[in-house]
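J.: whatever this is, show me its structure:
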Amino acid sequence: MVTTIQLNEDVKKRLEFLKEKKGDTYEKVIVKLIDEKETDKKRIERLIIEGCREMAEDSLKIAKEWEGTLMDGLDKNEKWDF
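T.: Now for the predicted structure:
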C-alpha cells in the first residue's frame, strides 16, 4: 500500500540533499536513515555492554586486592575518625 505524507519544504530539501543518486526516491532515503539509526543503536548497546563488563572486571580486581585487609593484625575495636 502506498500512502502520502506531508513534509515542510525544509525537510524535503534535506531529504533531496541525502539522495545518493539522481533517481533515488524519498522512500529509499528514509529507509536508509532508519537502517542507519537501527545499526547505530545496536552498536551503542554493544559498546555499553562491553564498557559495563570492563568496569565489572576492574571492580572484581580491586575487591580481590582488598580481600583480607582487616586480617593483617589491625585491632577490630579501633575507632577511626573521619
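J.: shaky segments in this structure?
T.: Confidence mapping of the chain against pLDDT under 70 gives the ranges 70-74.
J.: now do the helices in this protein.
T.: 9-18, 26-66 (DSSP state H).
J.: now mean neighbour count and distance to residue 3 too, for the ones you listed, in CSV please.
T.: C-betas here are computed from N, CA, C, even on glycine. CSV is the format used below for the helices of the chain (neighbours: other Cβ atoms under 10 Å; distance: least, Cβ to Cβ, whole Å):
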stretch, mean neighbour count, distance to residue 3
helix 9-18, 11, 16
helix 26-66, 11, 10
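J.: can you tell which of the ones you listed is closest to residue 75?
T.: Proximity to residue 75, assessed across those by Cβ to Cβ, is greatest for helix 26-66 (18.3 Å).
J.: which elements pack onto that closest one?
T.: helix 9-18 (3 or more Cβ pairs under 8 Å, 6 or more residues apart in numbering; DSSP states H and E).
J.: so for residue 78, which of the helices of the chain sits nearest?
T.: helix 26-66 (17.6 Å).
J.: and the closest one with helix 9-18, angle?
T.: Counting by axes from the mean of the first three to the mean of the last three Cα atoms, to 10 degrees, helix 26-66 lies at 80 degrees to helix 9-18.
J.: how far off centre is helix 26-66?
T.: How far helix 26-66 lies from its chain's middle: 4 Å, per Cα atoms, centre = their mean, to the nearest Å.
J.: shift numbering so it begins at 456
T.: Okay, residue one is now 456; in that scheme the one you just asked about reads as helix 481-521.
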